[in-house]
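Participant: Kindly return the folded structure for what I paste below:
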Amino acid sequence: MNNIINEIIQNAPIILDGAWGTQLRSYGLKSGECPDSWNITYPERVGDLVAKYIKAGSEIILTNTFRSNRSALQSYGLEYKIKEINKNGVKIAKEASKGKTKIFASIGPCEKLFMESIYDPAELYEIYSEQINVLANESIDGIVIETMINRKEAASALRAVKTTNLPVVVSFTFNSGKNTELTISGETPEQIAKELTLLGADVIGANCGIGIEHYISIVKRLQANSHLPIWIKPSAGIPKVIHKKLIYPTTIQIFLEYAYILSKLKVSFIGGCCGTTPEYIKSIAKKLKPKH
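Facilitator: Here you go, the predicted model:
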């Protein structure tokens, strides 16, 4: 295990941040607009969200760089801004954090590469290396490869991170639509846990997708197949559109109840994904780290 991770988890559970995309909408992010572009156009709004999560009790803050690889940015015509967006994402997080938290860079999927038939490991490795090299030069504390749905893609990203000395978290999304404990690619927690452990991940976990109530079984299955620390960032349930607004069904109280159960299962890192707010994180921090 990476020494930085080993040191961090001495005070587990570590409180993570919550949602980014859904929260930035409350700041004015428009439908179809790239959230990461705000690192350039509205850095003060991104920084304000960071500050709110830190005030709520987040001990690790992710950067607003989830879509900042070349492939994902091409969907918005922003691939030529890759360096600026990534560098600014780290800068914003650092300035808002003021040294109070660890900064882990967020790396998401290559959005146009969903079909397994076009997963080219060499191309994926090149795409991820480009983003990772920019981030690694900004003195971050770690990298989170998150919302993964395919082991091939996750493996390419992980290999790229392993060329640095940074600790790396790899987090998958489970919800195939038919089975809440399979990825869209049909992969099980057991397969993922075993392969990522062998490939050298420092932390493994799950984020987004299904509601937090489904994470208990997933955590147990990951733990049964790996000795690595577990990272969990569930969404606040599956949203519904009500009066043209996305409404997430899991209340803070319900989320908190399950977060407490997860802490008792020795999950090392706990936060939130889509639909969660600084208020969710505040309640988790108050419950799980009352003396923090």
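
Participant: hey, let's count contacts and neighbours off CA atoms from now on
Facilitator: Fine.

Participant: Against Gly21, how distant is the residue of the chain positioned farthest from its centre?
Facilitator: What lies farthest from the middle of the chain is His243; by Cα atoms, centre = their mean that is 28.9 Å. Separation of His243 from Gly21 (Cα to Cα, to the nearest Å) stands at 20 Å.

Participant: Equivalent analysis for Gln10, please.
Facilitator: 30 Å.

Participant: mind listing the strands for the stretch 151-292 of the chain?
Facilitator: 168-172, 203-211, 230-235, 240-242, 245-247, 269-270 (DSSP state E, counting those that start in this stretch).

Participant: Which among those is found nearest to Gly99?
Facilitator: Nearest to Gly99, of all the strands of the stretch 151-292 of the chain, is strand 269-270, at 19.3 Å by Cα to Cα.

Participant: Please tell me how far that closest one is from the chain's geometric centre.
Facilitator: In terms of Cα atoms, centre = their mean, to the nearest Å, the centre of strand 269-270 is found 11 Å from the chain centre.

Participant: Stretch 93-113 now?
Facilitator: Worked out by Cα atoms, centre = their mean, stretch 93-113 lies 9 Å from the chain centre.

Participant: Do you have the helices of the chain handy? List them.
Facilitator: 3-8, 21-26, 38-41, 43-56, 70-74, 82-97, 121-136, 151-161, 189-199, 215-223, 252-264, 278-288 (DSSP state H).

Participant: CSV please, covering those helices and showing mean neighbour count, distance to Trp231 and mean pLDDT.
Facilitator: CSV is the format used below for these (neighbours: other Cα atoms under 10 Å; distance: least, Cα to Cα, whole Å; pLDDT from 0 to 100):
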stretch, mean neighbour count, distance to Trp231, mean pLDDT
helix 3-8, 13, 11, 92
helix 21-26, 15, 19, 94
helix 38-41, 18, 25, 98
helix 43-56, 20, 17, 98
helix 70-74, 21, 24, 93
helix 82-97, 22, 20, 98
helix 121-136, 18, 20, 95
helix 151-161, 21, 15, 95
helix 189-199, 17, 12, 97
helix 215-223, 19, 9, 96
helix 252-264, 17, 10, 97
helix 278-288, 21, 15, 98
